[in-house]
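Visitor: coordinates only, sequence not included:
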């Protein structure tokens, strides 16, 4: 009996686990949720549905009033059924990625055929697109045959004419236009059938194609107004084809339908406009893809992709991806990815990832990651990681990371917080190590050092001097250090530095290299005393002669002679640290 109960329990747990594992595979419109609303604003109700359904709504506030009030009580109903109850079947819903797109369909229309003519080579149909409620003719409506990839637009008088190659006993024409419900109608050679509410249900043709690329400046410039209208009207239709060739957008082997077709191979002599690529695409000047690109995309000037890129993308000037990149991207001037990137970006001037990067950026001028960075940024001028940086930044002039957890190498390195290392002339961590050191040493009467970075690794800019009669010497240098925290008030620091000495002339180099270990005692917040031993190695040419009034001998008589130019000795330093 116990064994039977255990088996039942294991079976139930396994079922729940599988259900949780595959719940994300359920189409968004068919996920079941419960919601209760009592005179709540439409925007609030939609936000609650999207939260429970784990997706995002996209809709126009000018079409759907977000402040309209909704009263609803739904228990374990599909998202589609709930939306039908809210909009009273006056809206159309489409899935695209993690979005559910709402479109008003308050109006309906149909085709009033004028001529239907067939022969062995063509099927010719013409007529008018009519608003069913007002009887007025509808301009700029898309009329298309999904299976045969033929399409046209109604003119300003609502008139259309379509010639379809091949012998066909029937065609199914679909009407699409913003704010109208999509309508499909079947036409025979000699008889016209107009079924009420007919819907074409072939799932192969019900994908959604984003129109965002047409709203960008380059998209508006390169895509004609007529094709933009066509693409907007039939955004709910997307299909595939083995190949296509085009001269310019609209002048394509797919005609006006090119923006709704995903191609295995695409050859664009000057430029092309497609729904996507699942193979290879090459253009003399530019490629515009509304959705995803997979494998290879090459253009002489620019590539613009409304979805994601998986593979290799190269543009002579610009690559712009409105979703994510997984692969390699190369551009003569700029690469821009608006979502996450896993792979490489290389550009002559600038790379930009607007979310997270896991990979490599190489640019002639600069790199910018607006999210978290895992990998390497290297640029001729500078790199910016707007959030967490786990990796390496190498900048010719500067590097910035909000949270540095790796290595920065540059002339100036800046971070908000850091648990890594910064190597440069100036290393500044906003919430890090900032000290001003005033001291005396066995060589210099006065020494000033600015120490910045982290206690784990800081850098020093050093200025030193002695000003006595016939004992003048001036120096500037650079150093690095590490602080060991021993207790609340006691710590130790190990430092290495190198300084150039000025003895009245620049005829010969005089270099003082020093290592020192200091014990530090905290007197008060922002005030430490320190002292400790040092060891110096002094390099100077034997022919070097100091000018009048300057120190004749830097190394003491007791210094160990390593060579004719190098001497070493034990020394000391003592002083205070401020801040």
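Guide: Cool, the structure landed. Computed from a prediction, not measured in an experiment: that's the story for all the values here.

Visitor: quick one: residue 86 is in a helix?
Guide: Yes - judged by DSSP: H, G, I helix; E, B strand; the rest coil, residue 86 forms part of a helix.

Visitor: In this structure, where is pLDDT below threshold?
Guide: Low-confidence segments of the chain (pLDDT under 70): 1-25, 60-63, 89, 105-106, 119-120, 169, 188-238, 256-257.

Visitor: now the helices for it?
Guide: 2-22, 42-53, 79-87, 217-222, 225-233 (DSSP state H).

Visitor: I'd like to know which elements the third one is packed against.
Guide: Judged by 3 or more CB pairs under 8 Å, 6 or more residues apart in numbering; DSSP states H and E, helix 79-87 is in contact with strand 32-41, helix 42-53, strand 69-78, strand 91-96, strand 99-104. Where C-beta positions appear, they are placed from N, C-alpha and C, glycine not excepted.

Visitor: Identify all contacting residues around the last one.
Guide: Contacts of strand 99-104 from elsewhere in the structure, counted by CB atoms under 8 Å, 6 or more residues apart in numbering, are 28-29, 50, 53, 55-59, 63-64, 79, 83, 87, 90-95, 178-179, 208.

Visitor: Please check these and keep the buried ones.
Guide: By neighbour count, with 16 or more other CB atoms under 10 Å, those hold 28-29, 50, 53, 55, 57, 59, 64, 79, 83, 87, 91-95, 178, 208 as buried.

Visitor: wait, what's in contact with residue 465?
Guide: Applying CB under 8 Å, 6+ apart to residue 465 gives the contacts 444, 445, 446, 447, 472, 473, 474, 475.

Visitor: The third one: neighbour count?
Guide: Burial of residue 446, expressed as a neighbour count using other CB atoms under 10 Å, amounts to 14.

Visitor: Nearest spatial neighbour of it, chain-adjacent residues omitted?
Guide: residue 465 (5.7 Å; CB to CB, 6 or more residues apart in numbering).

Visitor: beta partners for residue 99?
Guide: Taking DSSP bridges as the rule, residue 99 bridges to residue 56, residue 96.

Visitor: give me every residue that touches the nearest residue to residue 544 once chain neighbours are set aside.
Guide: Leaving aside its chain neighbours, residue 544 sits nearest to residue 508 (4.0 Å; criterion: CB to CB, 6+ apart). Applying CB under 8 Å, 6+ apart, we find residue 508 in contact with 540, 541, 543, 544.

Visitor: before we move on, what about residue 330?
Guide: 313, 314, 315, 319, 345, 346, 347.

Visitor: Any idea what the first one is bridged to?
Guide: Same thing as residue 313. With DSSP bridges as the rule, residue 313 is bridged to residue 297, residue 329.

Visitor: What's the separation between it and residue 431?
Guide: 39 Å (CB to CB, to the nearest Å).

Visitor: now the last one
Guide: With the distance defined as CB to CB, residue 347 ends up 32 Å from residue 431.

Visitor: Looking at the two now, which is surrounded by more residues?
Guide: Applying other CB under 10 Å to residue 347 and residue 431 shows that residue 347 carries more neighbours, namely 27 against 11.

Visitor: Who are the contact partners of that one?
Guide: Listed by CB under 8 Å, 6+ apart, the contact set of residue 347 reads 330, 331, 332, 333, 334, 335, 362, 363, 364.

Visitor: for the third one, phi and psi?
Guide: Meaning residue 332. Main-chain torsions, residue 332, degrees, to the nearest 10: phi -70, psi -30.

Visitor: number of nearby residues for it?
Guide: Residue 332 - counted by other CB under 10 Å - has 18 other residues nearby.

Visitor: Wait, it touches residue 316, no?
Guide: Yes - at 5.0 Å, residue 332 counts as touching residue 316 under the criterion of CB atoms under 8 Å.
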